[in-house]
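Visitor: what follows is a predicted structure for the sequence shown.
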Amino acid sequence: MPSNDESKTYSNKLRPWAIARLLPNMQQEIVARFRTQSDANGHRSCLSRQIPQDRYVVFFDHQPQPTPPASPEPTVGV
């Protein structure tokens, strides 16, 4: 049975169209993935109407990278 990370990668390959929210400092956050460009564009349009202050882009992610696990917050001077 494939591990959870492998199944996420396989799932991402099945949905190559991604929507990214543009963040400051040239960063982005993938918020959704779709099988078709039409579905991705429709969802981006809906997101833009619901949250007009954010910017979203649709792109084809031909080699999706697995999402790295979140690192814990560093503790300062305990």
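Guide: Perfect, thanks for sending it.
Visitor: after the least confident helix or strand in the chain by mean pLDDT, which helix or strand is next? Please name it.
Guide: Ranked by mean pLDDT, DSSP states H and E, the weakest helix or strand in the chain is helix 4-14, scoring a mean of 72. Next along the chain after helix 4-14, taking DSSP states H and E as the criterion, comes strand 17-23.
Visitor: average pLDDT for that following strand, rounded please.
Guide: Taken as a whole, strand 17-23 has a mean pLDDT of 96.
Visitor: any chance you could map the helices in this structure?
Guide: Counting by DSSP state H, one finds helices in the chain at the ranges 4-14, 37-50.
Visitor: what angle sits between the longest one and strand 17-23?
Guide: Read it as helix 37-50. Orientation of helix 37-50 against strand 17-23 (axes from the mean of the first three to the mean of the last three Cα atoms, to 10 degrees) gives an angle of 30 degrees.
Visitor: nearest to Val57, of the helices of the chain?
Guide: Closest approach to Val57 among the helices of the chain (Cβ to Cβ): helix 37-50, 7.6 Å. For every residue, glycine as well, the C-beta is placed using N, CA and C.
Visitor: got the buried residues for that closest one?
Guide: For helix 37-50, burial by neighbour count (16 or more other Cβ atoms under 10 Å) applies to Asp39, Ala40, His43, Arg44, Leu47.
Visitor: so for it, mean pLDDT?
Guide: 97.
Visitor: could you dump that helix to CSV, C-alpha only?
Guide: Only the C-alpha atoms of helix 37-50 are listed here, as CSV (Å, rounded to 0.1, in the frame of the first residue of the first chain):
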residue,chain,number,x,y,z
GLN,A,37,-8.3,24.3,-16.9
SER,A,38,-11.9,25.3,-17.2
ASP,A,39,-12.7,24.1,-13.7
ALA,A,40,-9.7,25.9,-12.3
ASN,A,41,-10.7,29.2,-14.1
GLY,A,42,-14.2,28.9,-12.8
HIS,A,43,-13.1,28.4,-9.2
ARG,A,44,-10.6,31.2,-9.5
SER,A,45,-13.3,33.5,-10.7
CYS,A,46,-15.5,32.5,-7.7
LEU,A,47,-12.6,33.1,-5.3
SER,A,48,-11.9,36.5,-6.8
ARG,A,49,-15.5,37.5,-6.2
GLN,A,50,-15.6,36.2,-2.6
